[in-house]
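Novice: structure for this input, please:
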Amino acid sequence: MSNNESPWLAFSGPNLGYVMEQYDLFLQSPEEVDSELVSLFQQYGAPTVSSSSPPSVNYSDSTIAPNNMDKIIRAIQLADAIRANGHLAASIYPLNDRPKEEEKVDPKTFGLTEQDLREVPVSLLISNAPGNITNGLQAIAHLKSVYTDKIAFEIAHVVNADERTWLQNKIEKGAIKENLTTQEKQELLKRLTQIEGFEKFIHRTFVGAKRFSIEGLDTLVVLIDELVRQSDKTNTKQVNIGMAHRGRLNVLTHVLNKPYEMMFADFAHVPNDSFLPKDGSLEVSKGWYGDVKYHSGASFRSQSGLTVKLAYNPSHLEVVSPIVTGQTRAAQETTGEAGYPVQDKNAAFAILIHGDAAFPGQGVVTELLNYSRVRGFQTGGSIHIIANNMIGFTTEYYDSRSTHYSSDPAKGFEVPVVHVNADDPEAVLAVAKFAHEYRQKFGKDIVIDLLGYRRYGHNEMDEPLVTNPTMYHIIHKHPTVREIYGQQLVDSKLLEQDDVKKLDESIFNGMQEAYDRVKELPSATAHEIVIPEAVLNGFPEIQTGVPENVLAKINEELLTWPTEFSPFKKLEKILKRRQEPFKGKGKLDWGHAETLAFATILQDGNSIRLTGQDAQRGTFSHRHLVMHDEVTGAELTPIHHISNSKASFVVHNSPLTEAAILGYEFGYNLEDNNSLSIWEAQYGDFANMAQVMFDNFISAARSKWGLKSGLVMLLPHAAEGQGPEHSSARLERYLQLAAENNWTVANLSSAANYYHILRRQAKMLKEEAIRPLLIVSPKSLLRHPLVGADVAELTTGQFNTIVEQPGLGANKKKVEKIVFASGKMAIDLADKVKDGAGYDHLHIVRVEQLYPFPAEKIQSILDRYPNVKELAWAQEEPQNMGSWSFALPYLLELANDKDVKYVGRIHRSSPAEGDGETYKVEQTRIIEEAVKSI
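Specialist: Down below sits the predicted model:
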């Protein structure tokens, strides 16, 4: 029965008196009360007399005999069992190859006969039952019809009572199933014929070509179609779709409306540009290096103004989902005014399509579900579809997961789950409408488990009988959903068998005509790799200084808060010290320079979004962009209140998640190229957990798919004797991935340079040359005096890819050795040489930007020192890590006849020593070796 409705409402007179007597006995001696009645007392408490008029109940007698109470309780338990376990007995498997647990919903299991059920009032079993249900037997039959048919539900885990009641009422009123008109049924058959026909045409025309067919889950397209239609009704502006490779070509063709000619041209390896719709409704992008067709995406704009986007995605299955939710959040937000972004959850939503093996198997799915209702990352609910083939590659479900359903992980996050038989297209349509309505009403994720099969092997060259013979003997005999539905319409006298056949032939012939147009194109030559000039040329030198009076005003506004706000006193003193550099005392530290950079970027009109674990305060308590009232705990973001700000600013502390959050921010920046999106790792090595995002998206999205991103990543890096973990950001990985000006990798030693590189990145966001920025940011250097900046360094100038050590190199003829270093190593060396006295033989060059490597600027320095004999690269990381291996080829090319030498730790498997004293001894050796004369 409904979890919200008390069963006592149906009792009155002697029946209510009996129940009350039993409750009194229950309080004194519960062991003397019938166990079923005890369960009711424990669940619903004491019987009460309703102050309102008693409900209208359909039963013959005005009273219920006390000896019927046991049957009533068992009938209530049966009804609840159907709600909770009906899915286990439902007809949700097209191949009908799974046992049904019908005994869990069988009246006999509960010791009930049909006559027993007839005597039970309907209101005790279903609240607001349909009018044609007049007794308990009909009520149970109705519940079984809605919970054990081709659609099954799991909602018992939903904690919110109002939400659960809405779901239950919606299901039990029969409101989910809708009767289609004859025309709608015929249109549905036509769609199924197009979906199947596309796959059959490719199968016959391009024999053996990989396409990762949708067949067996054809109704996935029907499901997405309906979600798109529902979006038009709610005036949603954008639908973002994320999916892996299976079925992608069919979705591109039929949901994104990529013309058949374009798709067939891809299979024929000829250019498809001539078939791109001239009305601009379809947008596709390509990188110079390219990718396989079943990783491609597209954007389609319908005549109604709705935009549907399919995200570009490699074959790493689930990793695209956070990117799509990030894009969705960006599409929902308005960022053109100061303060927080304004979110409209109806403006966009995400459809995330998962594999049945991947949904429980890939941890990124759990990360995604975990942040789905977190304020900085929620999008008002994603609609998840498990494209359930009942197999993963060649692995059967019993080797694939520990749960009954692949959807089970979602239940831990109170996400409703709807299972639907993919061979029932009308049921699939109904579920799409239901899911969309739920998302609109509750702003939460919902999972649709679309249960089908995979007609062929993992790809079209596989022979699945080798590994899964039992399943595939059934599949080979199983009719397609088009055949099933066509026969259903014939049996219903809505079509003739000949109509179904002609429809199939007509659609196939239309595809043949499209392919004939493709064959008229000249044969393709090998794909020519042409990198855009803007990418090859890299970033220009941009002046990024800001007048001192502007900075001074910003600084004062940042340090002014409402009188009613009570900051933590110690923090207030720390922040107030930021007034001193503008009075000629001291320097701006790293966090101070960052805040001023952010403020000026907002004044320039670029919004900023910064996320990461503890990003508001900063891992090292250096940022404090969000303050908390010491008395009330209320939050204050001072940067919201600076004058002349033209864009929004937000910094969110993220869940303890790396891969999904980094992907989310990448997606956000793809969608909003006016936003300076920044992800900060708590420590640089935390990015290890997000390596798939770096490898598959951030480093290569431009060359594969033509996607431009200006995402900024801050990875705290450097060994301070604190042990191997949290020392290294694994800088070498990002340098190894560096090519074709795909991103900027910097290891800075100057707060001023940090200020300028942030401002440069913001100014380049909308330019063709834009690329991601990866900064291995400092820890101990955050407050180091040698890193601090004078105000004057922020008022003029630009980002410097190299910085020459002050005090060294004045006597050009005496310099015999030039040492190159970055980040903390450069500051350790600066600490050693002080003002340069006694080091005439030495010059130190800080390489602030490692990639693109500033070879020309280094060459100009070398040209100034005619007597240099040795170029040394100093680093604190082991020799097989850090930047040495990356820099070596550049140094060899620059050296001519000069020696090139490495100064640092030897090859190690671990990035740093575990003992602090050992670290100091080795670091001292490196510093001494670096600065000594030849």
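
Novice: hey, let's count contacts and neighbours off CA atoms from now on
Specialist: Noted.

Novice: ok, now which ones touch R578?
Specialist: For R578, the contact set (CA atoms under 8 Å, 6 or more residues apart in numbering) comprises N555, L588, H592.

Novice: how many residues are close by the closest residue to F275 other than its chain neighbours?
Specialist: In space, and not counting its chain neighbours, F275 is closest to M262: 5.8 Å by CA to CA, 6 or more residues apart in numbering. M262 sits with 22 neighbouring residues when counted by other CA atoms under 10 Å.

Novice: who wins on neighbours among the contacts of R578?
Specialist: The residue in those with the most neighbours, by other CA under 10 Å, is L588 (27 neighbours).

Novice: so that residue bridges to which residues?
Specialist: Taking DSSP bridges as the rule, L588 bridges to A789.

Novice: returning to what we had before: how about the residue nearest to F275, secondary structure?
Specialist: Of the three states, M262 takes helix according to DSSP: H, G, I helix; E, B strand; the rest coil.

Novice: with the one 3 residues further on instead?
Specialist: Following three-state DSSP, the label given to A265 is helix.

Novice: OK, contacts around it?
Specialist: Applying CA under 8 Å, 6+ apart, the residues contacting A265 are P271, N272, Y515, V518.

Novice: tell me the phi and psi of the first one?
Specialist: What that stands for is P271. Main-chain dihedrals, P271, degrees, to the nearest 10: phi -60, psi 140.

Novice: if I look at the residue nearest to it when sequence neighbours are not counted, how far off is I202?
Specialist: Counting by CA to CA, 6+ apart, A265 is the residue found nearest to P271 once chain neighbours are left out, at 6.4 Å. When CA to CA, to the nearest Å is the yardstick, A265 and I202 sit 11 Å from each other.

Novice: then N696?
Specialist: In terms of CA to CA, N696 sits 28 Å off from I202.

Novice: again with P878
Specialist: With distances taken as CA to CA, P878 is found 53 Å from I202.

Novice: just the closest of the contacts of A265 to R617, please.
Specialist: The closest of the contacts of A265 to R617 turns out to be N272 (CA to CA; 50.8 Å).

Novice: could you pull out the helices for the stretch 501-650 of the chain?
Specialist: 533-537, 548-558, 569-576, 590-603 (DSSP state H, counting those that start in this stretch).

Novice: spatially central residue in the protein, please.
Specialist: With distances taken as CA atoms, centre = their mean, the residue of the chain nearest its centroid is P322 (0.7 Å).

Novice: any idea which helix or strand comes after the helix or strand bottoming out on mean pLDDT in the chain?
Specialist: When each helix and strand of the chain is scored by mean pLDDT, DSSP states H and E, helix 13-28 comes last, with a mean of 71. Counting by DSSP states H and E, the next helix or strand C-terminal to helix 13-28 is helix 35-44.

Novice: check which helices and strands the next helix or strand after that next one sits against.
Specialist: Counting by DSSP H and E, the next helix or strand C-terminal to helix 35-44 is helix 69-85. Identification of packing neighbours for helix 69-85 by 3 or more CA pairs under 8 Å, 6 or more residues apart in numbering; DSSP states H and E yields helix 35-44, helix 136-147.

Novice: most packed of these?
Specialist: helix 136-147 (a mean of 22; mean count of other CA atoms under 10 Å).

Novice: quick one: pLDDT of the residue nearest to P271?
Specialist: Reported pLDDT at A265 in the predicted model: 94.

Novice: mind listing the strands in the stretch 201-350 of the chain by residue range?
Specialist: Using DSSP state E, counting those that start in this stretch, the strands of the stretch 201-350 of the chain run over 238-242, 282-283, 298-301, 307-310, 333-334, 342-343, 348-355.

Novice: note down every partner strand of the fifth one and its orientation.
Specialist: Looking back up the chat, that one is strand 333-334. Strand 333-334 sits in its sheet next to strand 342-343 (antiparallel), going by DSSP bridges.

Novice: what does the average pLDDT come to for the strand it pairs with?
Specialist: With pLDDT averaged residue by residue, strand 342-343 scores 98.
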